[in-house]
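Undergrad: Model the structure of this input:
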Amino acid sequence: EGWGNVVRRSGRHFSAMTVPRKGGWLGAALATMVVVISAEYSVDVVVYDASSGGVIAAVAAARHGARTLLICASWPACHPEGGLRVGGMSSGGLGETDIGGCSDAIGGIAREFYQRNRAHYGNVSAGAAVTTAADAGNDCRLPAPGCNETFNLEPHVALQIFETMLSEAGVTVVYGEQVESVQKSGPTITSITLTNGTVVSALVFVEASYEADLLHAANVSYIVGRESSTAYNETLNGNTGGLRGNQFTKGVNPFWPNGTLLPHVQSPPYGKKGDADDRVQAYNFRLCISSGSDAVPFVKPDGYDPAEWELFRRTHAADAHQLGCGAIPKSGTKCDMNNGGGFSTDLIGGSWLYPNANYTQRKAIWAAHKKYTQGFLWTAANDPALKGLLGGGSGLCADEFNETDHFPPALYVRAARRLVGPKVFTQNTPRDQANGLGNMSIGVGCYNFDSHNAQRMACANKTACGGLGPGGVSDGEPYAWNEGDVQVGPGRYQIPLWVTLPSADETINLLVIASPSASHIGMSTLRMEPQFMIIGHSVGVAAAMAAAAQKANPSAPANVNSLNLDAFHALLVADNQTLVAGGSSPQPPYSVCELGRCLGADEQTAKTSRHFFNDSTCGVSTRGSQTETGCSRLAAHEWLANQMFWTRNSTIGSVVYATSDTILKKSTVNSKALPPTMQLQVKKGSGCTLTNGTTFASYYLCVPT
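TA: Model (predicted):
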């Protein structure tokens, strides 16, 4: 007690050790962190692991009235040796946030997180709109005067925001322990026991770990690896044969002169295209790299062997490339280095055993990834054959990860175990949502089906690897070839509640976030950090509702399958969660009646061409017609959002027409959706004329003065 809500509340069997946090930026009040050695808890909602989605779920549950405990479990990030860090990858080095072309679809508490990130850098006015080409071009990734959000992250800033949100919501956080066992009564989880003997009882449990360790301990069905392409009729699933993303572009010999394989090349068999297997896409560390004067030099790892990096040298000699590094806020001196190209920071093959490994084995796998990454950086910066691949003076960021010598503690576990629930989110799910999910929607996504490579093959010739290979390679020439990368856009889609729900015969009071019921390909779009936060928000609300239902009727155990979906949907709408795939819910207030104003018309070519219409170029006769009036029918503090869905005219390609619309009347006092009979109806009408009309969606707003 006495540490507020950021650090641990003790139970009956209390003993603790204090761990000083280096750096001092947290302030004197939090300069010492407390790790509980043994305790007992009884709460409404337990969220297992403090991934980004886990933090947001805990905040949401607490804001909706649940006594909430967050267990920060991931090793080493949540442990003293890792700096006691909540936030998963979003505070663990993943600075270039995966927002795709639809950052406007990020709603609710997830959007609040990115708004707080923008506020950290100051110089923004409330209600600002993206008004400049520069702001639009970077999609508000970096602080800009016209952006209410900043999506790219400095790790220490993200950590501060997460901790502040947890503290404000009154969430109790336990650091440094992992689930040992789960106690159940029929399909109800009654408590979990942690590795130090702590017993945690709750009405509802949330699985938020990247590894799905709570789900596994609860004996809930899951899968690891890739299904076959025929299992769910997915063209992208299973062994890919080797596609062109993150690939060798020239022939690179993967053999030593004696015929043995170079390091970091897997041995056959490699499988056939479309086959199922238990291979897992590659992991890496997301590295904060600095080009400033305070850059921390790269470390040469113990046992460094130059021969380990022969494939790196050969790859660079065949087709020299620069390592990609996405800018993150701080005067252009910091960036987030991710994998890129045929040979990079992904330790291909190193992830295969991780999902089902025990805690001790995972530490060894983590250490292998760290050694590989340190060796890669050292070689890129110092090897004569690669000199200059990393710019002179580059190093790790001196103002990040002080507790771990500036190396990020969070291994990027892109996928591990995945829930197998009554329904499974697949490559086809976004396509099959033509009629919408109604009150089953818990958020919106659009990021690519994005899988990293799962294996690196040594092809003796093209015949041995199914005829696939880099251009210019003759049939008898050996070459290295990566397999598993997928980069295909699904379009905007709604995220269904059922991805979070196990089968009711296995458990009725568990929801999942970072291990959803999805195929390998379905997971590859759901796995992005913004999506996890979006899912986390909705899961937190669902958990609080289920817990409240049991408290109201103690004889009926909490059951996440029995939510009142209309009430659930209304709460999410009130929380400004984005639930419709066409776009985000516009935020009030506006000062004047703006019927016919187009806002943020996102085209399919959003990254290269984005139109921001104003009143003078939309809603007039030369650009279509939108003549409905009726602002007088809206009372003070009420506002109308008419979400218009547009499609290109197949005959006149420069004209787009409204094909459907959704009307939502809201109030700044009571922002729940009103019944259709109380909604102000706006008729379908012609759309705006574009120079390259493509399918998009926009909103018309009407707000009284």
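Undergrad: Assign a three-state SS to the residue lying closest to Ile109 once chain neighbours are set aside, would you?
TA: Nearest non-adjacent residue to Ile109, counting by Cβ to Cβ, 6 or more residues apart in numbering: His537, 4.5 Å away. Where you see a C-beta, it was placed from the backbone N, CA and C, and this is true even at glycine. Following DSSP: H, G, I helix; E, B strand; the rest coil, the label given to His537 is helix.
Undergrad: For His537, give me its contacts.
TA: Contacts of His537 were listed using Cβ atoms under 8 Å, 6 or more residues apart in numbering, and they are Ile56, Ala57, Ala60, Gly108, Ile109, Ala110, Gly443, Leu572, Asp575, Gln577.
Undergrad: Would you convert these into JSON lines that also reports distance to Asp305 and pLDDT?
TA: Below are these laid out as JSON lines (distance: Cβ to Cβ, whole Å; pLDDT from 0 to 100):
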{"residue": "Ile56", "distance to Asp305": "43", "pLDDT": "98"}
{"residue": "Ala57", "distance to Asp305": "44", "pLDDT": "98"}
{"residue": "Ala60", "distance to Asp305": "48", "pLDDT": "97"}
{"residue": "Gly108", "distance to Asp305": "49", "pLDDT": "96"}
{"residue": "Ile109", "distance to Asp305": "47", "pLDDT": "97"}
{"residue": "Ala110", "distance to Asp305": "44", "pLDDT": "97"}
{"residue": "Gly443", "distance to Asp305": "46", "pLDDT": "96"}
{"residue": "Leu572", "distance to Asp305": "54", "pLDDT": "94"}
{"residue": "Asp575", "distance to Asp305": "53", "pLDDT": "93"}
{"residue": "Gln577", "distance to Asp305": "51", "pLDDT": "95"}
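Undergrad: Okay, and which of the residues you listed map to helices?
TA: Ile56, Ala57, Ala60, Gly108, Ile109, Ala110, Leu572 (DSSP state H).
Undergrad: Please enumerate the strands of the stretch 1-150 of the chain.
TA: For the stretch 1-150 of the chain, the strands defined by DSSP state E, counting those that start in this stretch occupy 16-20, 32-36, 40-48, 68-72.
Undergrad: quick one: Met165 and Ala57 touch, right?
TA: No. Assessed by Cβ atoms under 8 Å, Met165 is found out of contact with Ala57, at 11.5 Å.
Undergrad: Looking at those two, which is more packed in?
TA: Per other Cβ atoms under 10 Å, whichever of Met165 and Ala57 has more neighbours is Ala57, with 36 against 22.
Undergrad: And the more buried one, how close does it get to Leu468?
TA: As for Ala57, its distance to Leu468 is 42 Å (criterion: Cβ to Cβ, to the nearest Å).
Undergrad: you'd agree Trp498 is in a strand?
TA: No. According to three-state DSSP, Trp498 belongs to no strand; its state is helix.
Undergrad: give the contact list for it.
TA: Gly421, Pro422, Lys423, Met440, Ser517.
Undergrad: go on, Leu262?
TA: Pro254, Phe255, Trp256, Glu310, Leu311, Arg314, Ala480.
Undergrad: Output the contacts of His537 as CSV; include the columns distance to Cys335.
TA: Below are these laid out as CSV (distance: Cβ to Cβ, whole Å):
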residue, distance to Cys335
Ile56, 26
Ala57, 30
Ala60, 32
Gly108, 29
Ile109, 27
Ala110, 23
Gly443, 29
Leu572, 35
Asp575, 33
Gln577, 31
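Undergrad: Generate a ChimeraX selection restricted to the buried subset of these.
TA: Of the contacts of His537, the buried ones go into a single ChimeraX selection, burial set by 16 or more other Cβ atoms under 10 Å:
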select :56,57,60,108,109,110,443,572,575,577
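Undergrad: from the contacts of His537, which is closest to Ala410?
TA: Ile56 (16.6 Å; Cβ to Cβ).
Undergrad: Next, name the residue at the spatial heart of the protein.
TA: Glu529 (1.5 Å; Cα atoms, centre = their mean).
Undergrad: related to what we said a few turns ago, just the buried residues of the contacts of Trp498.
TA: Using 16+ other Cβ under 10 Å, the buried ones in these are Gly421, Ser517.
Undergrad: Make TSV out of the contacts of Trp498 and add secondary structure.
TA: Below are these laid out as TSV (three-state DSSP):
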residue	secondary structure
Gly421	coil
Pro422	coil
Lys423	coil
Met440	helix
Ser517	coil
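Undergrad: any idea which of the contacts of Trp498 is the one closest to Val86?
TA: The shortest approach to Val86 among these belongs to Ser517, at 25.3 Å (Cβ to Cβ).
Undergrad: pretty sure Asn70 is touching Gly170, no?
TA: Careful, residue 70 is Leu; it's not Asn. No. Assessed by Cβ under 8 Å, Leu70 is found out of contact with Gly170, at 11.1 Å.
Undergrad: Those two: which is more packed in?
TA: Using other Cβ under 10 Å, the more surrounded residue of Leu70 and Gly170 is Leu70, with 29 against 14.
Undergrad: Who are the contact partners of the more buried one?
TA: Val46, Val47, Ala50, Gly54, Val55, Ala58, Val86, Leu166, Val171, Thr172, Val173, Val174.
Undergrad: which of these tops the neighbour count?
TA: Val47 (38 neighbours).
Undergrad: Give me the pLDDT for Glu40.
TA: On the pLDDT scale, Glu40 is placed at 88.
Undergrad: ok so, going back, what is the nearest of the contacts of Leu70 to Glu506?
TA: Nearest member of the contacts of Leu70 to Glu506, counting by Cβ to Cβ, is Val46, at 17.8 Å.
Undergrad: Now do that closest one against Thr525, distance only.
TA: Plainly put, Val46 is 28 Å away from Thr525 if you go by Cβ to Cβ.
Undergrad: So which helix or strand of this protein has the lowest pLDDT on average?
TA: Ranked by mean pLDDT, DSSP states H and E, the weakest helix or strand in the chain is strand 598-602, scoring a mean of 29.
Undergrad: check which helix or strand covers Leu166.
TA: Element membership for Leu166, per DSSP states H and E: helix 155-169.
Undergrad: And Asp450, by the same measure?
TA: Per DSSP H and E: strand 449-451 holds Asp450.
Undergrad: ok, that strand: who's next to it in the sheet?
TA: strand 486-488 (antiparallel) (DSSP bridges).
Undergrad: before we move on, back to that, can you name the element that comes right after the strand holding Asp450?
TA: Next along the chain after strand 449-451, taking DSSP H and E as the criterion, comes strand 455-459.
Undergrad: list the helices and strands that following strand packs on?
TA: With contacts defined as 3 or more Cβ pairs under 8 Å, 6 or more residues apart in numbering; DSSP states H and E, strand 455-459 has these neighbours: strand 479-483.
Undergrad: so for the strand it packs on, what's the average pLDDT?
TA: For strand 479-483, the mean pLDDT works out to 96.
Undergrad: who are the neighbours in contact with the nearest residue to Phe407 once chain neighbours are set aside?
TA: Among residues not flanking Phe407 along the chain, Phe401 sits closest, at 6.1 Å (Cβ to Cβ, 6+ apart). Remark: with contacts taken as Cβ under 8 Å, 6+ apart, Phe401 is in contact with Gly83, Gly93, Pro155, Cys288, Phe407, Pro408, Pro409.
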